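J.: pasting the structure only:
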Ligand SMILES: Nc1ncnc2c1ncn2[C@@H]1O[C@H](COP(=O)(O)OP(=O)(O)OP(=O)(O)O)[C@@H](O)[C@H]1O
Ligand SMILES: O=C(O)[C@H](O)COP(=O)(O)O
């Protein structure tokens, strides 16, 4: 490993730490998850070593319901590290600079959602990002920059790639361990069948991974919103925004051609759900075979039980299984059958397995499984699948300069 770590940093300095606290948000409430737990190691170490700590992190994407302030994240982080955490509703404005200046040894201050700054997005060259007002303003306030956000390191955003070019930069503990684990996995060779379960809400990520891993993976088992878009490409009337859900149509516009090409070129490697679940008029889970769906009428929130029965033997026969994205909206127990069923099938076999994704990895403890029943549980989603392809992550590359 070629980047500097916390072992190379003298105690008691003022540091700017990039975490990935991107979390599910339900009805405006940020949900606690594995990311807080993992980052606790880094932040607690910094507190114990007397650093003055300011935290940068993002939440959601502009225009989506999960694009909210980090004030709740500060409270959740405080619970995890069992130590007070302050919050300021600016990222680099005058109040933020004032609060940073007031930091004392062992203090932790969370700055506002980086994606609320114009300079953070879009993805641009690290050199460009390093010259933004955001980076140029904050760089002078700190002795060093620490990136612990491995799971966001595939994004060329200012808070991830700008600072290492203009500051002394280090990897945090999560960055170190995730980098080591995911790089080692990418180098592994498997003799038997390799299966990848892909779902979740990010169709572009799913297509990326399928494009890059089509030679490494024998079988892709699909579910989630991404899986519904594949079903739509296969001619089933699912994967449409019903009312103002805003989950499908935009992603369809952006990805439909790629999905259609993927289905044409790799049909024998792709397994689609045979049934789907939805909420019926009584609020109960109901299932329907995809062949019986005649018109777009409801939002489908999970794959059906028959699909789990079809996916489980494929998993049993695999030497390695990778998971990226959930097969349904598992946070609601009624729609957890697909995700929990597939994870249980993986936990029951002795195959090598990796479960990735900030949200998806939550399902393990929610449904009574243990992390040690899997080969590796990564809090990274997009970054982990890119690492599997052997691709470099821009946020890691700039740390290694
Ligand atoms: N049919 C569906 N309708 C609504 N939400 C769904 C559906 N299927 C899956 N999901 C959601 O997908 C989410 C998990 O997948 P997603 O790809 O969004 O994130 P992830 O696992 O956290 O990966 P990353 O770390 O890249 O964000 C879950 O929160 C789950 O509720
Ligand atoms: O949740 C993630 O995968 C990371 O935080 C990156 O988020 P993004 O996909 O919205 O860039």
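T.: Great, that's in hand. All values derive from a computational prediction rather than experimental measurement. Ligands and ions are numbered 1, 2, ... in the order given.

J.: helices of the stretch 301-401 of the chain, residue ranges please.
T.: Using DSSP state H, counting those that start in this stretch, the helices of the stretch 301-401 of the chain run over 305-316, 337-347, 362-366, 382-388, 394-399.

J.: how far off centre is the second one?
T.: Pointing back at helix 337-347 there. Here helix 337-347 is found 19 Å from its chain centre; the criterion is Cα atoms, centre = their mean, to the nearest Å.

J.: and the contacts of it?
T.: The contact list for helix 337-347 (Cβ atoms under 8 Å, 6 or more residues apart in numbering) reads 197, 199, 221, 223, 273, 277, 285, 302-305, 307-308, 311-312, 315-316, 321, 323, 326-328, 330, 353, 355, 360, 363-364, 367, 369-370, 373-374. C-beta: built from backbone N, CA, C; applies to glycine.

J.: one more time with 7 Å, if that's ok
T.: 197, 223, 277, 302-303, 305, 307-308, 311-312, 315-316, 321, 326-328, 330, 353, 355, 363-364, 367, 369, 373-374 (Cβ atoms under 7 Å, 6 or more residues apart in numbering).

J.: again, but for the shortest one
T.: Counting contacts by Cβ under 7 Å, 6+ apart, the residues outside helix 362-366 that touch it are 33, 34, 326, 330, 339, 340, 343, 355, 371, 377.

J.: quick one: is that helix near ligand 1?
T.: No - with Cβ under 6 Å from any ligand atom as the criterion, ligand 1 is not reached by helix 362-366; the gap is at least 7.8 Å.

J.: same deal with the second one?
T.: No - among the residues of helix 337-347, none lie within reach of ligand 1 under Cβ under 6 Å from any ligand atom; the closest is 7.5 Å away.

J.: then the first one?
T.: No - contact between helix 305-316 and ligand 1, assessed by Cβ under 6 Å from any ligand atom, is absent, since the two come no nearer than 12.3 Å.

J.: which bits of this structure sit near ligand 2?
T.: Within the chain, the positions near ligand 2 by Cβ under 6 Å from any ligand atom are 20, 22, 61, 151, 152, 155, 358, 381, 382.

J.: give me the low-pLDDT residue ranges for this structure?
T.: Scanning the chain for pLDDT under 70 picks out the ranges 1.

J.: list the buried residues of the top helix by length along it.
T.: As assigned by DSSP state H, the longest helix anywhere in the chain is helix 249-266. Of the residues in helix 249-266, 251, 252, 255, 258, 259, 262 count as buried by neighbour count, 16 or more other Cβ atoms under 10 Å.

J.: continuing past that helix, what's the next helix or strand?
T.: Using DSSP states H and E, the next helix or strand after helix 249-266 towards the C-terminus is strand 270-271.

J.: ok and the residue in the stretch 101-250 of the chain nearest ligand 1?
T.: residue 200 (2.2 Å; Cβ to the nearest ligand atom).

J.: any idea how many residues pack against residue 44?
T.: Other residues lying near residue 44 total 16 when counted by other Cβ atoms under 10 Å.

J.: is the helix or strand where it lies anywhere near ligand 1?
T.: When elements are assigned from DSSP H and E, residue 44 belongs to helix 34-48. No - on the criterion Cβ under 6 Å from any ligand atom, helix 34-48 is out of touch with ligand 1, staying 8.7 Å away.

J.: with stretch 202-216 instead?
T.: Yes - using Cβ under 6 Å from any ligand atom, stretch 202-216 reaches ligand 1 at 202, 205.

J.: run the chain-centre distance for that stretch.
T.: For stretch 202-216, the distance from its own C-alpha centre to the chain's C-alpha centre is 15 Å (Cα atoms, centre = their mean).

J.: number of nearby residues for residue 401?
T.: Applying other Cβ under 10 Å, we find 10 residues neighbouring residue 401.

J.: report the contact partners of it.
T.: By Cβ under 7 Å, 6+ apart, the residues touching residue 401 are residue 164.

J.: likewise for residue 239?
T.: Residues in contact with residue 239 (Cβ under 7 Å, 6+ apart) are 228, 229, 231, 232, 248, 252.

J.: and the second one, its phi and psi?
T.: The phi and psi values for residue 229, taken as degrees, to the nearest 10, are phi -70, psi -30.

J.: could you check how far the residue of the stretch 101-250 of the chain closest to ligand 1 is from residue 324?
T.: 7 Å (Cβ to Cβ, to the nearest Å).

J.: out of the two, which sits in the busier spot?
T.: Per other Cβ under 10 Å, whichever of residue 200 and residue 324 has more neighbours is residue 324, with 29 against 25.

J.: could you restrict the buried residues of helix 249-266 to the ones contacting ligand 1?
T.: Of those, not one also sits near ligand 1 (Cβ under 6 Å from any ligand atom).

J.: SS state for the closest residue to ligand 2 within the chain?
T.: Closest residue of the chain to ligand 2, Cβ to the nearest ligand atom: residue 22 (3.4 Å). Look at residue 22: counting by DSSP: H, G, I helix; E, B strand; the rest coil, its state is coil.
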